[in-house]
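Undergrad: okay, sequence plus prediction incoming.
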Protein chains: 2
Amino acid sequence: MLNDTQMIEVLHQHRVRPSIHRLAVLDYVANRRTHPTADEVFSTIAVDFPTVSRTTVYNSLHTLVEAGVLRELDIESTSTRYDLALQLPHSHFRCSCCGKIFDMQLPAGLENIVMPGFKVDATNLFFAGLCPECASKSTDN
Amino acid sequence: MLNDTQMIEVLHQHRVRPSIHRLAVLDYVANRRTHPTADEVFSTIAVDFPTVSRTTVYNSLHTLVEAGVLRELDIESTSTRYDLALQLPHSHFRCSCCGKIFDMQLPAGLENIVMPGFKVDATNLFFAGLCPECASKSTDN
DNA sequence: TACTAACTTTGTAATAGTTTCAATTATGTT
DNA sequence: AACATAATTGAAACTATTACAAAGTTAGTA
């Protein structure tokens, strides 16, 4: 959770000019924590900023990813999702029934399983399956 | 590595009719092991079967995934890659320099880190970084 | 305060990957 | 051979994303 002051500070630290739209994008991704797609960000932002363009949302997301504030999740083939990068490394779980994405732990030292000579920059771990709610529904019938 | 007889047997076991195109698709994904995109499969297949359509390649890939013979890899945002599902679970490493994808181990019991109540159907682990070849190039200069 | 350069935003058009669909062709069974 | 079923084709549609040029905004400086 980041308030306005914190968000502006984060952007300054990462050399990103805190425009109103970038703040809105960051606010949504950082504080709603739904690991949204670009389109979900756009639709939400558009409520408060009816003039914002889709391109600006893409630009903002890319800028924030480049700056290291956000992170892209290649967790489904249809579209890229975004997550706050300013937190402890973690993994994800996507419910194949309701589509929700949940944060999970990430075991330390996972990258040690790669063969010698490979240089690991990023470790991506995600699970697919049923969340507790959907799991109980599907066993109820 | 699967020879023609083995591929036909695999398809029979999975209730998929072994058409000439499906065999060609399976042959490429199973035996070349480059974790290809649909388009790479199409381009390669098209050399031997000039009349094959892109749609047939997509159909074949989907059929084989549904049947459990192949597996989709959400390893990059631009396109889906395909891998043989008939082997021990493993993880992947994508070199961000040359784009090649390498098989790595997958630690057993990883799914135990998810919170209680979640039902894990699939575990996906991949790494990004530099392969030995590209790593040595980039430190040479 | 006005000027300038750099940056941000916009809207449109283009592109890439994938899916849909109806028509055609091939296959297996009786 | 005739029939039902399944596979293949090609064109068009669709979705997510990117490219681009024009217009607008901002920060710093004179």
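TA: Okay, I see it.
Undergrad: ok so A:Asp83 is a strand residue?
TA: Yes - in this structure, A:Asp83 lies within a strand as judged by DSSP: H, G, I helix; E, B strand; the rest coil.
Undergrad: count the residues that sit near it.
TA: Using other C-beta atoms under 10 Å in any protein chain shown, A:Asp83 has 21 neighbouring residues. In short, each C-beta sits where N, CA and C put it, glycine included.
Undergrad: which stretches of chain A form strands?
TA: A:70-73, A:81-84, A:91-95, A:101-104, A:119-130 (DSSP state E).
Undergrad: can you check which of those strands gets nearest to A:Arg54?
TA: Closest to A:Arg54 of these is strand A:81-84 (C-beta to C-beta; 14.6 Å).
Undergrad: list the contacts of that closest one.
TA: A:29-30, A:33, A:35-38, A:41, A:61, A:65, A:69-73, A:75, A:92, A:101 (C-beta atoms under 8 Å, 6 or more residues apart in numbering or on different chains).
Undergrad: do that again at 7 Å, thanks
TA: If you take C-beta atoms under 7 Å, 6 or more residues apart in numbering or on different chains as the criterion, strand A:81-84 is touched by A:29-30, A:35-37, A:61, A:70-73, A:75.
Undergrad: quick one on the thing from earlier: adding distance to DNA strand C, write the strands of chain A out as TSV.
TA: Shown next, in TSV, are the strands of chain A (distance: least, C-beta to the nearest atom of the strand, whole Å):
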stretch	distance to DNA strand C
strand A:70-73	14
strand A:81-84	16
strand A:91-95	17
strand A:101-104	20
strand A:119-130	16
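Undergrad: show me what the spatially most central residue of chain A is bridged to.
TA: By C-alpha atoms, centre = their mean, the mean C-alpha position of chain A lies nearest to A:Asp83, the distance being 1.4 Å. Beta-bridge pairing for A:Asp83 (DSSP bridges): A:Arg71.
Undergrad: show me the contacts for the residue nearest to A:Cys97 when sequence neighbours are not counted.
TA: Leaving aside its chain neighbours, A:Cys97 sits nearest to A:Cys134 (3.7 Å; criterion: C-beta to C-beta, 6 or more residues apart in numbering or on different chains). Counting by C-beta under 7 Å, 6+ apart, A:Cys134 makes contact with A:95, A:97-98.
Undergrad: just the buried subset of those residues, please.
TA: Burial of these was assessed by neighbour count (16 or more other C-beta atoms under 10 Å in any protein chain shown); the buried members are A:Cys95.
Undergrad: now render the contacts of A:Cys134 as TSV, adding distance to A:Ser19 and pLDDT.
TA: Putting those into TSV (distance: C-beta to C-beta, whole Å; pLDDT from 0 to 100) gives the following:
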residue	distance to A:Ser19	pLDDT
A:Cys95	34	95
A:Cys97	38	90
A:Cys98	34	91
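Undergrad: thinking again about what came up before, filter the contacts of strand A:81-84 down to the buried ones.
TA: For these, a burial check counting by 16+ other C-beta under 10 Å picks out A:29-30, A:35-37, A:61, A:70-71, A:73, A:75.
Undergrad: measure the residue nearest to A:Asp39 when sequence neighbours are not counted to DNA strand C for me?
TA: Ranked by C-beta to C-beta, 6+ apart and with sequence neighbours excluded, the top spatial neighbour of A:Asp39 is A:Ser79, at 7.0 Å. The gap separating A:Ser79 from DNA strand C is 11 Å, by C-beta to the nearest atom of the strand, to the nearest Å.
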